[in-house]
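Chemist: no sequence on hand, only this structure:
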């Protein structure tokens, strides 16, 4: 009994497989030391599923938010988490996503300046 021939892959399928393999490889390199010696996430990593939000419980009308986004090196500690009102949360979340995606795609933005701006509430300048 002969085996059926293996399916051939198109160029597009091969590129998708390569991108998936690269993503899997990147998921193993989630930490990198910062200047302060603490570790933080690289901008291209999936959001962790074990976030504690610094021990803050959910509160109606607010979202627990990391002042400095995780993708910019923010830590999941009480000092970096606060209750943010919903309308502002939606706006800040959009800016965070834009900044993190830009960094992931190789943008040469100043990460230290971004961290400082997010920490001090001046994140709107990165819209």
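Modeler: Arrived safely. Just so we're clear, the structure is a prediction, and the values are computed from it rather than from any experiment.
Chemist: tell me which residues touch residue 3, please.
Modeler: Residue 3 makes no contacts at all, as judged by C-beta atoms under 8 Å, 6 or more residues apart in numbering. Any C-beta I mention is one placed from the backbone N, CA and C, and that applies to glycine too.
Chemist: what helix or strand is it located in?
Modeler: If you go by DSSP states H and E, residue 3 is not part of any helix or strand.
Chemist: do you have the helices of the protein handy? List them.
Modeler: 11-26, 86-104, 111-119 (DSSP state H).
Chemist: so which elements touch the shortest one?
Modeler: Contacts of helix 111-119 with other secondary structure elements, assessed using 3 or more C-beta pairs under 8 Å, 6 or more residues apart in numbering; DSSP states H and E, are made with helix 86-104.
Chemist: so what's residue 118 up against?
Modeler: 67, 68, 69, 72, 74, 96.
Chemist: can you list the weak-confidence ranges in the protein?
Modeler: 1-2, 4-43 (pLDDT under 70).
Chemist: quickly note the distance from residue 64 to residue 54.
Modeler: From residue 64 over to residue 54 the distance is 8 Å, taken as C-beta to C-beta, to the nearest Å.
Chemist: between these two, who's got more neighbours?
Modeler: residue 64 (18 against 15; other C-beta atoms under 10 Å).
Chemist: so that one touches residue 55, yeah?
Modeler: No - counting by C-beta atoms under 8 Å, residue 64 sits too far from residue 55 to count as a contact (9.9 Å).
Chemist: will you turn the contacts of residue 118 into CSV that also has neighbour count?
Modeler: Listed next are the contacts of residue 118 as CSV, based on neighbours: other C-beta atoms under 10 Å:
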residue, neighbour count
67, 17
68, 21
69, 24
72, 24
74, 21
96, 22
